[in-house]
Structure formats: C-alpha cells, structure tokens
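Novice: Using only what follows, build the 3D model:
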Amino acid sequence: MEAEKIKLPFSVKNPVLAMGSQAKNRVCFASGNYGYLSPVHADLTNPGDFLNFQKDLKNFLKKRPRIIAHDLHDEYQSTKYALSFLSGYRLIPIQHHHAHIAACMAENDLRNKKVIGVAFDGTGLGDDNKLWGGEFLICDYKNFERKAHLQEIPLLGGEKAILEPSRLAQAWLYFIYKDKFLNLKNIGLIKKINKSKWLALKSMYLSGLNAPMASSMGRLFDAVAALVLVKDRAKFEAELAIELQKIAMAYRLEAVSYRFNILKGKNMYILSPLPMFKEIISDLAGGEPEEKVAYRFHLTVAEMIKKIALALRKETKISQIALSGGVFQNNLLLNLSLDLLYKEGFEVFTHKKLSCNDSGISLGQAAIANFRS
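Specialist: Okay, the predicted model is just below:
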C-alpha cells in the first residue's frame, strides 16, 4: 500500500485511525503533523474492495493508533468494522458533513478557527438521525452547529430513488401541486409516469414507509435533471446530474436565477426550492431550451449559497467559507459559487489535493477526533 501524505496545520496528540466512508472509501492514519491516506476502495459492499480496505486497515493498525474515528452511520461497512473489531480502542463517532468541512480546512492549512462550511452531497447521517446532504454549518475542528439546510423531501423507495430520479421529481411536484401535477401540460417526464406505479409511490409518501426524509442537494440535482432531460432512470448515482451539467455549460447567453424561498425557523434557515420548481415547469411547458433551464438551475443553487452565506456572516461575522461534498465536483456550480462569493468579499476554500467527494472525509474524521480527544 502506498499512502498519500498530507501535512496538517496542527499536531496530532494521540495517533488516530479514521475509517472513512462507505463508497469511495479511504482509511486515514494521522500522527504528528501528517495524515496518511490509503488508496480508494470504491464500494465496501464489493468483496474485493472490502478485502483491500481490511488489508490497508491492518497496515495502519501496526502503527498503533490510540483512537478510532468512524462515521455516525451504523450501516456503513467501515463503521460496522470499527464497532465489531476495534472496540478495544477509544471510538469517536464523527458526523459526515462535519468531516467533509474539516477535511477541506485541514487541506487548506487552516488553524482551529470557525468557518462557514457548505457541505453538499448525496446523503450522510445527521446527528438527528435524519439524512442530510444540503448543509450549512458553523464549525471548527472540534464542534459544529447546523445553521441552514435544504428543505427535506422523502426519498420514495429509499435508495431506489438514486437510480430512479423520476421518483424525486414526482415527490417535489406532489409536494407543490398534489395530484394535479399529473395534469401539467407539455412536461415530458409527466407523460412517461406510470399511474399505477405513482399510486404506490404516493402511498409511500403519505405513510412515510420506505420514504426517509432527506435534505439532499445531490438528490435535488437528480430531480431537476430528470425533469429537464425527460429521463426516469440512471445507470449510476448522479449520472443525470452530470449530464445536466454538460448541457448547462453549453448555454452562452445571459440568464437570471430562479426564485427560491429562505424560511427562518428557530436558529435555522431552510432553503425552499418550491418557487424554482414552479418556474422550471413554466419554462419547460413554454418550450425554453433545456440548456437554458439547466444553466438557470445551477445559477440558482449558487445564489442559494451566496444568500445563506451572507445571512450567516451577518450573524457570526465569519467571512471564511469552506466548500466540500461530492456535489462540488460539478465545476459549473463551483465556479458560479466562487464568482458570487468572491464578489461579496468572502475568503473561500476548496479542495486542491483531495477530492471533495467522500474519499476525503477520513482526513476530516481524523482531524475532528484529534481535537475531541
């Protein structure tokens, strides 16, 4: 095993072994002023990947870590392994999105100061036992406070919604229009809906059975992509979102973002994309080019980031922002967001050595565990 070496902006007091994620897994050993990351194990449900995960883990265990850091999600193979076979060590559970931001901070040589963390991905387990994925955190290496998130929507059929993004689009449209969404004119995806299958999905929606709530930005991209591209299935996670980015990048004219609402709860902002969906439906029904709709959607998400960042800076006086999570592999979204944030005077940090996807979170897990030990 050849480990990638990352210099840390702090000294690790007690050596830490961080278990990483379920997919795109990397194990990280941190000691002294360095973190050492294993190669990527693509999917721990795959026997070959899990075998390599175990081999790399055993090599790091020879270095005698004193602390084991793992994700909150007890269905991750990495977490199961820690809880089953490493119980003789001190175990520290780490929230997924906090780990994303801490990894970005560590890679950018940030000391233990607070930042506004924007963590956008598919899903990760929150400390309220719900699925998160469109998160704004105020955090340092030790602690985090969730200050804003994308509005939740049920994932109809659980993980099946990942490869059938039409389910996500239908959930949002039902939320807005109830059953009348089936009567919307000139919307290609709606014409493809199997009515009897929709009745089964609606039953999940209303009962909550096999329909976990999620504040996932990755799944919002999937829902919009299904609508714009008129595709109800994907071969792999985020396939349609990747295609949506490609057509959005082909748009060369001026455009404005769609509308969205910011709802203020008790110590929490909630981003509601419902006005955006209404305007997307109007654009599609009116025959607007799909590349324009796709571009306006990307611009809308960038505007969401800017607006929440401004609100949080006003509250906290923090001007440093860290962007992480797999959604930021989308270069169009990243560049639009950077442009808007720089114009508002923010100092923005992104990943340069590590990927912003889950392959980087073990470094964040190690950093957080160090400051909590």
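
Novice: Which residue comes closest to residue 81 once chain neighbours are left out?
Specialist: residue 19 (6.8 Å; Cβ to Cβ, 6 or more residues apart in numbering). In short, each C-beta sits where N, CA and C put it, glycine included.

Novice: Quick check: the gap between that neighbour and residue 79.
Specialist: Here the criterion is Cβ to Cβ, to the nearest Å. By it, residue 19 lies 7 Å from residue 79.

Novice: Kindly report the same for residue 114.
Specialist: Distance, residue 114 to residue 79, by Cβ to Cβ: 27 Å.

Novice: What residue spans form the domains of this protein?
Specialist: 4-108+354-372, 153-349 (automatic domain parsing).

Novice: Tell me which of these is the most buried.
Specialist: Mean neighbour count, computed with mean count of other Cβ atoms under 10 Å, is highest for domain 4-108+354-372 among the domains of the chain, reaching a mean of 21.

Novice: Quick one: mean pLDDT over it.
Specialist: Taken as a whole, domain 4-108+354-372 has an average pLDDT of 97.

Novice: repeat for stretch 325-344
Specialist: Computed over stretch 325-344, the average pLDDT equals 98.

Novice: could you check the distance from residue 252 over to residue 336?
Specialist: In this view, residue 252 and residue 336 are 14 Å apart by Cβ to Cβ.

Novice: and what of residue 215?
Specialist: Taking Cβ to Cβ, one finds residue 215 at 21 Å from residue 336.

Novice: With residue 294 instead?
Specialist: Distance from residue 294 to residue 336, by Cβ to Cβ: 12 Å.

Novice: Kindly report the same for residue 2.
Specialist: Separation of residue 2 from residue 336 (Cβ to Cβ): 36 Å.

Novice: top strand in this structure by residue count?
Specialist: Identified as the longest strand of the chain according to DSSP state E is strand 4-18.

Novice: Pull up the pairing partners for whichever helix or strand comes after that strand, direction included.
Specialist: Sequence-wise, the next helix or strand downstream of strand 4-18 (DSSP states H and E) is strand 23-25. Here strand 23-25 has these sheet partners by DSSP bridges: strand 41-43 (antiparallel).

Novice: which residues touch the strand it pairs with?
Specialist: By Cβ atoms under 8 Å, 6 or more residues apart in numbering, the residues outside strand 41-43 that reach it are 20, 22, 23, 24, 25, 26, 49, 50, 52, 53, 56.

Novice: Surely the first one and residue 364 touch.
Specialist: In other words, residue 20. No. Using Cβ atoms under 8 Å, residue 20 makes no contact with residue 364, being 9.8 Å away.

Novice: picking that back up, and the longest strand of the chain, what other elements does it pack with?
Specialist: Applying 3 or more Cβ pairs under 8 Å, 6 or more residues apart in numbering; DSSP states H and E, one finds that strand 4-18 contacts strand 28-37, helix 47-61, strand 67-71, helix 96-107, helix 361-372.

Novice: which stretch among the ones you listed comes nearest residue 170?
Specialist: Minimum separation from residue 170 across these (Cβ to Cβ) falls at helix 96-107, 26.5 Å.

Novice: which strands and helices sit next to that closest one?
Specialist: With contacts taken as 3+ Cβ pairs under 8 Å, 6+ apart, helix 96-107 sits against strand 4-18, strand 115-125, strand 131-139, strand 144-150, strand 320-324, helix 361-372.

Novice: would JSON lines of these with distance to residue 163 be doable?
Specialist: Shown next, in JSON lines, are the helices and strands packed on helix 96-107 (distance: least, Cβ to Cβ, whole Å):
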{"stretch": "strand 4-18", "distance to residue 163": "29"}
{"stretch": "strand 115-125", "distance to residue 163": "12"}
{"stretch": "strand 131-139", "distance to residue 163": "17"}
{"stretch": "strand 144-150", "distance to residue 163": "21"}
{"stretch": "strand 320-324", "distance to residue 163": "25"}
{"stretch": "helix 361-372", "distance to residue 163": "23"}
